[in-house]
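Asker: generate coordinates for the sequence data below:
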Amino acid sequence: MMRRAPLTALLLACVALALPAAAASITWTGAGATRNWSDTGNWQGGAVPGAADRAVFVTPVSQGLVTVDAPITLDGMDFSGDGAVSLSGSLVTLTGATPVTVSSSSAGIFTLNTGVTFTAVGPSITVAAAGTPGPTVRLLTGLTTFSGGSVQIQGGTAPWGQVILANVRQTAATSFVITGNAAYFQGNNTITGPITNNSNSLGGNGIAPFGAASVVMQQGVLTMVSVDGGTTMGPLTLQAPSAPVGGTFVNSHGPLRVNGPLNLASTQKVNAQDNIDVKGQVGGNAVLEILGAPGTVTLDGSNGSFSGIVKVDSAGTLVFGASRAVNAGAHLDSTGGSILVGSTSQTISELNCVGALEIDVGRGSLSISGTITTTGCALTLGVPASVSPAVGTIYPVIYNGSSTPLTPFSGLPEGAQLNVNGTTMTASYRGGASGLDLVLTGTSLSPPPAFTADLQDMWWGGIDENGWGLSIIQHGDTLFGALYVYDASGNPVWLVMPGGSWDVTHRSYTGSLYEPVGSPFYAYDATRFAAGAARGTMTLTFVDANNAIMSYTIGGFSAQRNIQREIFGSGTPSVDYSDLWWGGSSQDGWGITILQQGMTLFPVWFTYDASGSPLWYVMPQGSWNTAGDTYSGPIYRTTSSPWLGTTSYDPTKLSANIVGSYSVRFSGSTAATFTYTADGHSGSMALAREPF
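Answerer: Residues are numbered from 1 along each chain as shown. Down below sits the predicted model:
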């Protein structure tokens, strides 16, 4: 007779049979006949990871392309080493609380080009970088789906290491907390947020890299690289103090729209490589410093509460797109940049302007309750087409709330007149109820000022800027400007503005600047001349018959300088040879500007050196022969302080060296022969006035 097993033993045996196999970490070896996930030969021990398992990739041994040939479910994936592994194919579902980890890696690249669904609420994606440059986890091609909670992203603990997520979706409200070094969101994401960043950097590109979520930068650098058509993001809060390391910068390489408030909790630097448009209100009490070019930062939200300091650096541009974009307690500080108030009304407590300020006549105004400093500030008054003032109309421009009279702006002296769509308006710094406001008053209906009919001359920045200049040749209403300046090495270089157009006031003339290339002056070949694309633009705003403001952008650098006619002669000439002279179409590409005051000529020869680069010679001295038909003198080649790309020109660096001699023999008033010896080369060529 058989003995019956105790009941307890039988029950334990049944339970043992019902338990599943223990979860395992299974390593990909890549030793199978295919690169398919389902190929058992690719897995250590011949077992494909199951739903409770973790797939392990140790590179470089298990690197390369892995094909997920059917949907899979795992607890998670672990990567290590400095190789690269890329998964593509079917959907990957990761259920664990730590679905992706990276360890013992200094430069590994681990890419999931599949759809990835994270089912755990608030999972952690962690990168433990072993060294620089650090590893990268990429979730790129398919949809990256989260299931709610607060996702923790650890972007690396070495000097680098990052996590890149694309096309993020969610089945429940999901937020992200980012620590470590770097995280990057790209594509068109659906995120409710917020995204809280405590890492060294947070980046985004695509149509909506952060969806509509709010982004809170508690630390690090925010970098935006926009797609064509621009990038949109939700509210932005910048809390980290700005500094070269660990600071918060907004760097937009394409149009960026912040569709929500911008809150500033400490000093911030905004580097606008392209336009940044803040649609919501600006708040905070800190320092907002605007850098960069050629982009602008536009504040489009009205009734902002920001009461700190807005600083616009020399290459920055700030546009007020809505009235009361900042609080009345804010300070506005320009250190050489541009501020456009336009057709809005702004109230601030202090203005310190060294740069460009623009306000639209009859539509915009600036009210300042405290200190106003305008030395070095050029005020431009825009003229909207919709403004039609009558005689006697008064337009306030600046309300001066201090007890100190305003110092006249550069280019707008007391009594200056402005043509506003046919009505002459006169500027006064003694207007308004306080008698200290800047106002414009319609005084008469008149044509543009007559002085703009005679601007042909040599212009310069005065004795304090000795060594460079601008020749203006005028034919009717067209100006031809040649700018004689110095490159970064202090060598002479020239740019030309061969034409342009006047604004409605007929005081500002704007045209494109070109820096051509050609062939050496002593072996000139017109077929090698190329004007090239415009290097920038120049605007000449004439204050009166003898003074002007030259505003320009060359190679992305913008500045402005005050210029005046250069006095080098006196008297009335019997024949005026002032003009742009050239050698005809067979010599197209170079020229000689001859300016004349009395019987004194001032020729400048703009041509090319041995390499075909622009070179100019100046001939500021000379005398007439007895017959009165030939003017001769020495040829100088100058070097000086760099001019392009800087406003800190140093005239003490000017060196003028005689390198030859010249003579111009005139045959009547329209033809001449130019004979020269310069830098060891001699020649002679026929000249004629150049028509344009």
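
Asker: isn't Gln44 up against Ile26?
Answerer: Yes: counting by C-beta atoms under 8 Å, Ile26 is a contact partner of Gln44 at 6.2 Å. C-beta: built from backbone N, CA, C; applies to glycine.

Asker: higher neighbour count, those two?
Answerer: Ile26 (19 against 15; other C-beta atoms under 10 Å).

Asker: which one is that one nearest to, not counting chain neighbours?
Answerer: Spatial nearest neighbour of Ile26, chain neighbours left out: Pro49 (4.5 Å); criterion: C-beta to C-beta, 6 or more residues apart in numbering.

Asker: how far away is that neighbour from Thr141?
Answerer: 22 Å (C-beta to C-beta, to the nearest Å).

Asker: the more surrounded of these two?
Answerer: Counted by other C-beta under 10 Å, Pro49 and Thr141 do not tie: Pro49 has more neighbours, with 23 against 18.

Asker: mind listing what the more buried one touches?
Answerer: 24, 26, 43, 55, 72, 74 (C-beta atoms under 8 Å, 6 or more residues apart in numbering).

Asker: out of those residues, flag the one nearest to Ala33.
Answerer: Looking at the contacts of Pro49 and their distance to Ala33, the nearest is Trp43, at 12.8 Å (C-beta to C-beta).

Asker: that closest one against Ile26, yeah?
Answerer: Yes: counting by C-beta under 8 Å, Trp43 sits close enough to Ile26 to count as a contact (5.5 Å).

Asker: OK, contacts around the closest residue to Gly161 other than its chain neighbours?
Answerer: Of all residues not flanking Gly161 in the chain, Gly134 sits nearest, at 3.1 Å (C-beta to C-beta, 6+ apart). Counting by C-beta under 8 Å, 6+ apart, Gly134 touches 105-107, 127, 156, 158-162, 181.

Asker: Gly134 belongs to a helix, doesn't it?
Answerer: No: secondary structure of Gly134 (DSSP: H, G, I helix; E, B strand; the rest coil): coil, not part of a helix.

Asker: quick one: pLDDT of it?
Answerer: Here, the pLDDT recorded for Gly134 equals 92.

Asker: now do it against Gly370, distance only.
Answerer: 49 Å.

Asker: same check, this time on Gly511
Answerer: From Gly511 to Gly370 the distance is 40 Å (C-beta to C-beta).

Asker: before we move on, back to that, need the contacts of Gly134 in CSV (columns: pLDDT, distance to Ala356 and neighbour count).
Answerer: Putting these into CSV (pLDDT from 0 to 100; distance: C-beta to C-beta, whole Å; neighbours: other C-beta atoms under 10 Å) gives the following:
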residue, pLDDT, distance to Ala356, neighbour count
Ser105, 94, 50, 26
Ser106, 93, 49, 16
Ala107, 93, 47, 19
Val127, 95, 46, 30
Gly156, 87, 43, 29
Ala158, 74, 44, 18
Pro159, 75, 40, 12
Trp160, 83, 40, 22
Gly161, 91, 43, 30
Gln162, 93, 39, 25
Asn181, 91, 39, 22
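
Asker: contacts for the helix or strand hosting Val56?
Answerer: Val56 is part of strand 54-58, with elements assigned from DSSP states H and E. Applying C-beta under 8 Å, 6+ apart, the set of residues contacting strand 54-58 from outside is 23-28, 49, 62-63, 74-81, 85, 96, 110.

Asker: pLDDT score assigned to the closest residue to Trp502 other than its chain neighbours?
Answerer: Leaving aside its sequence neighbours, Trp502 sits nearest to Tyr509 (C-beta to C-beta, 6+ apart; 5.4 Å). Looking at Tyr509, its pLDDT reads 94.

Asker: same question for Thr267.
Answerer: 79.

Asker: how close does it sit to Leu238?
Answerer: Counting by C-beta to C-beta - Thr267 and Leu238 are separated by 9 Å.

Asker: low-confidence ranges, the stretch 451-600 of the chain, go.
Answerer: For the stretch 451-600 of the chain, no stretch is flagged by pLDDT under 70.

Asker: swap in the chain?
Answerer: In the chain (pLDDT under 70), the answer is 1-22, 241-253, 446-449.

Asker: tell me how it divides into domains.
Answerer: For the chain, automatic domain parsing gives the domain ranges 328-446, 452-689.

Asker: and Asp39, which of those domains is closest to it?
Answerer: Using C-beta to C-beta as the measure, domain 452-689 is the one of the domains of the chain that comes nearest Asp39, at 54.9 Å.

Asker: quick check: end-to-end length of the closest one?
Answerer: 22 Å (C-alpha to C-alpha, to the nearest Å).

Asker: how distant is that domain from the center of its chain?
Answerer: Distance of domain 452-689 from the chain centroid (C-alpha atoms, centre = their mean, to the nearest Å) equals 31 Å.

Asker: still on that earlier bit, so between Gly511 and Gly370, which is more surrounded?
Answerer: Neighbour count, other C-beta under 10 Å: between Gly511 and Gly370, Gly511 has more, with 20 against 12.

Asker: adjacent strands (with direction) for whatever helix or strand that one lives in?
Answerer: For Gly511, the host element (DSSP H and E) is strand 508-513. Using DSSP bridges, strand 508-513 pairs in its sheet with strand 501-502 (antiparallel), strand 536-542 (antiparallel).

Asker: which of those has the highest mean neighbour count?
Answerer: strand 536-542 (a mean of 20; mean count of other C-beta atoms under 10 Å).

Asker: what's in contact with that strand?
Answerer: By C-beta under 8 Å, 6+ apart, strand 536-542 touches 380, 411, 451-452, 455, 472, 479, 481, 483, 497, 500, 507-513, 548-556.

Asker: stretch 312-325 too?
Answerer: Contacts for stretch 312-325 (C-beta under 8 Å, 6+ apart): 272, 277, 282, 289-293, 295-304, 310, 332-342, 344-347, 355, 557-559, 647.

Asker: circling back: separation between the residue nearest to Ile26 and Trp43?
Answerer: 7 Å.

Asker: mutual contacts of those two, please.
Answerer: Ile26.

Asker: surely Pro396 and Gly432 touch.
Answerer: Yes: assessed by C-beta under 8 Å, Pro396 is found in contact with Gly432 at 6.2 Å.

Asker: which one's the longest strand in the protein?
Answerer: Identified as the longest strand of the chain according to DSSP state E is strand 655-666.

Asker: which neighbouring elements make contact with the helix or strand following that strand?
Answerer: Where DSSP H and E defines the elements, the next helix or strand beyond strand 655-666 is strand 671-678. The contact analysis (3 or more C-beta pairs under 8 Å, 6 or more residues apart in numbering; DSSP states H and E) places strand 671-678 against strand 630-639, strand 655-666, strand 681-689.

Asker: and the first one, which residues are buried?
Answerer: The reference is to strand 630-639. Residues 630-638 are the ones in strand 630-639 that count as buried (16 or more other C-beta atoms under 10 Å).

Asker: can you give me the neighbour number for Arg324?
Answerer: Arg324, neighbours per other C-beta under 10 Å, totals 17.

Asker: for Pro573, same thing?
Answerer: 14.

Asker: what do Pro396 and Gly432 both touch?
Answerer: Common neighbours of Pro396 and Gly432 (C-beta under 8 Å, 6+ apart) are Val439.

Asker: that older thread, just the buried ones from the contacts of strand 536-542?
Answerer: Judged by 16+ other C-beta under 10 Å, buried ones among the contacts of strand 536-542: 380, 411, 452, 455, 472, 479, 481, 483, 497, 500, 507-513, 548-554.

Asker: just the strands in the stretch 501-650 of the chain please.
Answerer: Secondary structure of the stretch 501-650 of the chain (DSSP state E, counting those that start in this stretch): strands located at 501-502, 508-513, 536-542, 547-554, 557-565, 579-582, 591-597, 600-608, 614-618, 623-624, 630-639.

Asker: and the angle from the third one to strand 557-565?
Answerer: If you take axes from the mean of the first three to the mean of the last three C-alpha atoms, to 10 degrees, strand 536-542 sits at 40 degrees to strand 557-565.
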